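Undergrad: heads up, no residue letters with this:
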């Protein structure tokens, strides 16, 4: 069994396990003081489960789990101090279900789930401060209707969004986006100024 890594006084774990290609499991101790975590597990291609980790004080969470190609689910993650979730789970091609994500300050979701080809379940999370989300769901071709409905709700809540307000900009294919037009949150999505692609 893997021993617990003593992280009780650690504030910076940026790049800590990056490129540990053969790492299958890791157990962290208390991570309550953690403030830096970018690229922490990037390219841990064999990592099968994400450890419990306190990200609540981390301001930038870009690329933390990029290319963790073996994980299928994530634990609930408190990202309440995070301003960027850019590429947070990009390339996690086995990921199917995302746990609860607590956001209060996040402004960027750019490429957050890009390349998550098996992603089915995406929860609703707070997008009220999001200004950019280009390619957030590129390659996510397995999303359930419930998840697509959640995405529509999150789009409607992006009241300060500055990019092109259409689902193709978020990376969804026209086949996927056509399903959105029959979902219950579609009208609120349209009322908020969003489109499926560049239709009138």
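TA: Sure, I can see it. Bear in mind the structure is a predicted one, so any value in this text is a computation, not a measurement.
Undergrad: For the nearest residue to residue 137 once chain neighbours are set aside, give its distance to residue 33.
TA: Spatial nearest neighbour of residue 137, chain neighbours left out: residue 171 (4.5 Å); criterion: Cβ to Cβ, 6 or more residues apart in numbering. C-beta coordinates here come from the backbone N, C-alpha and C atoms, glycine included. Distance of residue 171 to residue 33, given as Cβ to Cβ, to the nearest Å: 35 Å.
Undergrad: helix, strand or coil for residue 152?
TA: Under the three-state scheme (DSSP: H, G, I helix; E, B strand; the rest coil), residue 152 adopts helix.
Undergrad: And for residue 105?
TA: Relying on three-state DSSP, one would call residue 105 coil.
Undergrad: quick one: it and residue 128 touch, right?
TA: No. The pair residue 105 / residue 128 is not scored as a contact, 9.6 Å apart, by Cβ atoms under 8 Å.
Undergrad: and residue 89, how many neighbours?
TA: Residue 89 has 23 neighbouring residues, counting by other Cβ atoms under 10 Å.
Undergrad: ugh, typo on my part, it should be residue 181
TA: A count of nearby residues for residue 181, using other Cβ under 10 Å, gives 12.
Undergrad: before we move on, the earlier item: residues contacting the residue nearest to residue 137?
TA: Applying Cβ atoms under 8 Å, 6 or more residues apart in numbering, one finds that residue 171 lies in contact with 111, 114, 134-140.
Undergrad: of the residues you listed, closest to residue 38?
TA: Set against residue 38, the nearest of these by Cβ to Cβ is residue 111 (13.9 Å).
Undergrad: Sounds good, over and out.
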